[in-house]
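A.B. asks: Provided below are the primary sequence and the corresponding predicted coordinates.
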Amino acid sequence: MQSIALVWIARICLVASAVLTIMATLDPMGRDIRIEMYKEADKIAHFMATFLVSLFALIAFPRIQGSKIFFAVAMAAIALELAQLLSPRSAELTDLLMSWLGVMVIALTFYAKDIRSVIFRIENGG
């Protein structure tokens with residue numbers, strides 16, 4: 001059982017990371033915040049944003065199934081990329097894929113015990 005303090009800290013971090021992600025994604029000025037030397041740094045930012053949002057959501061809402069949280073974050077990533085089409089910025093498939101990868105890494109980590117037990121059963125014939 002998680003402590004109430006940890007859950008509330010995770011909820012605050014979830015809101016903060018979600019707001020920062022939305023602000024960075026839908027910058028109304030259309031500014032490109034990437035450093036010229038690291039033009040692909042935004043791919044890492046997409047990965048980290050959904051990774052952290054997924055992680056904080058899992059901790060913040062322990063009674064919600066992990067699969068529902070992962071689905072919601074993945075759908076939010078699609079919505080944010082589509083919303084970029086309405087802003088001065090452009091939507092990119094690679095950004096979406098990196099966002100989904102961030103969700104998948106947390107999901108695989110979350111389900112690692114279940115995955116290991118399935119593999120163990122397969123290897124041992126039953």
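C.D. replies: Ah, there it is.
A.B. asks: just checking, what packs against the longest helix seen in the chain?
C.D. replies: When the chain is parsed with DSSP state H, its longest helix is helix 4-25. Using 3 or more C-beta pairs under 8 Å, 6 or more residues apart in numbering; DSSP states H and E, the elements in contact with helix 4-25 are helix 41-60, helix 66-84. Where you see a C-beta, it was placed from the backbone N, CA and C, and this is true even at glycine.
A.B. asks: spatially nearest residue to the spatially most central residue of the chain (excluding sequence neighbours)?
C.D. replies: Centroid-nearest residue in the chain: Thr50, 1.7 Å away (criterion: C-alpha atoms, centre = their mean). Once flanking residues are discounted, Thr50 sits nearest to Gly102: 3.5 Å by C-beta to C-beta, 6 or more residues apart in numbering.
A.B. asks: looking at the helices and strands packed on helix 4-25, which is closest to Ile106?
C.D. replies: helix 41-60 (4.1 Å; C-beta to C-beta).
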